[in-house]
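Undergrad: just coords:
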């Protein structure tokens with residue numbers, strides 16, 4: 001039997017740069033309350049959201065992704081031609097095929113980079129970061145561009161009291177590359193398919209196609225069960241990510257959870273007994289829930305606001321439809 005050659009990668013991987021794209025349309029709570037018979041006070045108490053960003057027709061999934069990616073590349077000091085793989089986490093690229101990653105890779109000017117999409121909903125960016133770190137360490141890629149992007153406004157039922165005020169649009173990107181020291185800790189990921197129906201697309205595409213009136217599917221969520229599950233189960237996942245990285249909550253500088261709901265963020269922080277010194281991302285108040293884009297957007301805002309600095313230790317925890325989840329400790333670029 002012949003012996004195959006194998007690749008040997010970098011000793012470690014790290015995030016080298018973060019970038020985000022926030023759509024130009026700012027939608028305050030006042031603009032969504034009438035259709036759901038609600039109030040600004042109710043929305044803020046239930047979710048912590050004051051406003052959200054919705055994309056204009058021109059701010060497509062590709063446009064937002066390229067905008068975020070160019071910022072991440074610039075901040076990492078990388079040129080697009082140095083990117084070997086482009087991974088896009090999204091559930092709102094509405095073409096079944098081809099992957100939007102291929103068009104993004106071409107527009108950025110990569111040199112025929114491998115490009116593919118992944119569907120892990122709100123956990124997608126963390127899944128992408130883990131895949132990228134593994135590729136860099138294994139030697140199958142030198143540098144990987146990971147993008148989380150959503151246009152959830154396309155799939156939002158504006159009359160649905162449980163979701164109309166939550167979902168938003170945006171893109172976040174990270175360049176992952178080689179490092180002499182560990183910059184991305186072991187991933188803790190999984191899924192709880194028994195709870196598949198808690199967050200899902202309401203209509204099958206076949207039913208939409210067969211309907212008399214043109215439409216798109218909508219997202220629905222059972223808010224109370226999701227709140228109970230995420231608040232406590234995800235705290236355990238976050239703690240496990242710390243344990244696998246060999247750290248404790250006292251070693252953390254920043255906590256960057258998926259921006260699903262302010263009450264969930266606070267419940268996770270309490271369950272994990274995070275010290276008061278840990279700075280917590282609360283981008284949801286101004287941005288809304290952008291699913292796969294929420295963690296990179298939240299980290300970018302923390303960096304820009306001075307709440308996170310290069311070299312800080314941060315914990316990512318993400319969860320969403322499926323129910324898919326992932327967590328890892330990273331060093332802030």
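TA: Perfect, thanks for sending it. This structure is a prediction, so every number in the text was calculated from the model and none was measured.

Undergrad: okay, CA-based contacts and neighbour counts for the rest of this
TA: OK.

Undergrad: quick one: contacts for the residue nearest to residue 273 when sequence neighbours are not counted?
TA: The shortest distance from residue 273 to any residue that is not its chain neighbour, by C-alpha to C-alpha, 6 or more residues apart in numbering, is 7.6 Å, and that residue is residue 249. Under the criterion of C-alpha atoms under 8 Å, 6 or more residues apart in numbering, the contact list for residue 249 reads 242, 272, 273, 274, 275.

Undergrad: ok, now how distant is residue 260 from residue 125?
TA: 14 Å (C-alpha to C-alpha, to the nearest Å).

Undergrad: what residues does stretch 270-284 touch?
TA: The set of residues that contact stretch 270-284 without belonging to it, under C-alpha under 8 Å, 6+ apart, is 48-49, 52, 231-232, 235-236, 238-239, 249-250, 252-257, 259-262, 297-299, 301-302, 307-308.

Undergrad: before we move on, what about stretch 117-132?
TA: Residues from elsewhere that reach stretch 117-132 (C-alpha under 8 Å, 6+ apart): 87-91, 99-101, 143-148, 176, 184, 186-187, 189, 258, 290-296, 316-322, 324-328.

Undergrad: got it, and stretch 64-82?
TA: Counting by C-alpha under 8 Å, 6+ apart, residues outside stretch 64-82 touching it are 16-23, 104, 107-111, 142-143, 145, 147-149, 170-175.

Undergrad: If we use 6 Å, what do you get?
TA: The contact list for stretch 64-82 (C-alpha atoms under 6 Å, 6 or more residues apart in numbering) reads 16-21, 109-111, 171-174.

Undergrad: To be precise, which single item in these has the lowest pLDDT?
TA: pLDDT across the contacts of stretch 64-82 is lowest for residue 111, at 87.

Undergrad: quick one: contacts for that one?
TA: Under the criterion of C-alpha under 6 Å, 6+ apart, the contact partners of residue 111 comprise residue 81.

Undergrad: re earlier: quick check on the contacts of stretch 270-284: which are buried?
TA: Buried by 16 or more other C-alpha atoms under 10 Å: 48-49, 52, 231-232, 235, 238-239, 249, 252-257, 259-262, 297-299, 301-302, 307-308, out of the contacts of stretch 270-284.

Undergrad: got the contact list for the residue lying closest to residue 286 once chain neighbours are set aside?
TA: Excluding the flanking residues, the one nearest residue 286 by C-alpha to C-alpha, 6+ apart is residue 51, at 5.1 Å. Contact analysis of residue 51 by C-alpha under 6 Å, 6+ apart lists 27, 28, 29, 286.

Undergrad: check which helix or strand covers the last one.
TA: What that stands for is residue 286. With elements taken from DSSP states H and E, the one containing residue 286 is helix 284-287.

Undergrad: For residue 332, see how far away the residue lying closest to residue 309 once chain neighbours are set aside is.
TA: Excluding the flanking residues, the one nearest residue 309 by C-alpha to C-alpha, 6+ apart is residue 303, at 5.9 Å. Taking C-alpha to C-alpha as the measure, residue 303 falls 9 Å from residue 332.

Undergrad: Also residue 12?
TA: Counting by C-alpha to C-alpha, the separation of residue 12 from residue 332 is 15 Å.
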